[in-house]
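In: Got a predicted model here, sequence first, then my questions.
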Amino acid sequence: MRNLRLYFVLFGLLNLSTLLAQFMHYPNVIGFLSLFTILANICATGAFFYMGLNTKERVSIEAESFFGVSVVYMIITALGYWFLLRNVLYPVLLPFANLVFHTIIPIALLLGWFMYKHEHRLDYSKALSWLFFPFIFLIYTLIHGLRVGWYPYPFLDPRLFGGYYQVFIYSAFLSLGFYLSGLIVIWAGNRRLNN
């Protein structure tokens with residue numbers, strides 16, 4: 001367990017330092033926090049540090065749930081990048097940060113989920129509740145984009161893909177991806193219960 005805690009802390013430090021470097025490279029708070037990639041990696045950093053620095057005998061079910069939802073968000077971040085955004089140019093994103101955010105951290109967090117001996121059985125209904133934050137992000141993105149004329153991802157820009165109907169279709173498929181990923185993550189965690 002000590003080695004696993006060190007694993008979590010080291011990847012937490014890597015992600016935190018990368019987030020800070022990326023922000024210093026492009027210090028626009030609104031733009032920075034308007035990327036789901038950044039928000040997901042902030043969650044991942046929190047999960048890494050909590051799991052690595054927690055000294056309690058047992059972690060709470062809320063902490064394990066946060067760990068799980070962070071894994072889901074990072075899975076979607078990685079898959080979304082490699083299948084939808086790989087050829088989209090983001091000049092404000094550092095190449096190293098791009099590698100860390102979309103490849104290294106998703107893999108590291110997912111491996112951490114499989115290596116960790118879970119303390120609690122998570123209910124599959126959590127996969128549905130984990131959709132709340134992406135839904136809020138979608139609403140924020142559409143309102144913010146309408147006001148400033150900028151959307152962080154082309155598939156959420158109604159000007160590029162046939163209006164809001166097409167955005168809704170993309171969002172529905174992404175929501176399904178979130179939900180199915182959540183079910184798989186919960187199933188995998190429940191199979192690793194510390195009996």
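Out: Arrived safely, thanks for sending.
In: Mind jotting down where the helices sit in the protein?
Out: Taking DSSP state H as the criterion, the chain carries its helices at 2-25, 29-33, 36-53, 61-80, 95-99, 105-115, 126-129, 132-148, 164-190.
In: chain center to the second one, what's the gap?
Out: In other words, helix 29-33. Distance of helix 29-33 from the chain centroid (CA atoms, centre = their mean, to the nearest Å) equals 16 Å.
In: Okay, buried residues for it please.
Out: Within helix 29-33, the residues that count as buried by 16 or more other CB atoms under 10 Å are F32. Glycine gets a C-beta too; all of them are placed from N, C-alpha and C.
In: that older thread, including mean pLDDT and distance to P154, could the helices of the chain go into TSV?
Out: Compiled in TSV, these are given as follows (pLDDT from 0 to 100; distance: least, CB to CB, whole Å):
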stretch	mean pLDDT	distance to P154
helix 2-25	96	20
helix 29-33	94	16
helix 36-53	97	13
helix 61-80	97	11
helix 95-99	94	16
helix 105-115	97	21
helix 126-129	97	27
helix 132-148	97	11
helix 164-190	96	10
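In: Tabulate the ones you listed in JSON lines, adding columns for distance to D157.
Out: Output for the helices of the chain, formatted as JSON lines (distance: least, CB to CB, whole Å):
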{"stretch": "helix 2-25", "distance to D157": "22"}
{"stretch": "helix 29-33", "distance to D157": "15"}
{"stretch": "helix 36-53", "distance to D157": "14"}
{"stretch": "helix 61-80", "distance to D157": "15"}
{"stretch": "helix 95-99", "distance to D157": "20"}
{"stretch": "helix 105-115", "distance to D157": "24"}
{"stretch": "helix 126-129", "distance to D157": "27"}
{"stretch": "helix 132-148", "distance to D157": "7"}
{"stretch": "helix 164-190", "distance to D157": "8"}
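In: Out of those helices, which gets nearest to F155?
Out: Among the helices of the chain, helix 164-190 comes nearest to F155, with 4.4 Å by CB to CB.
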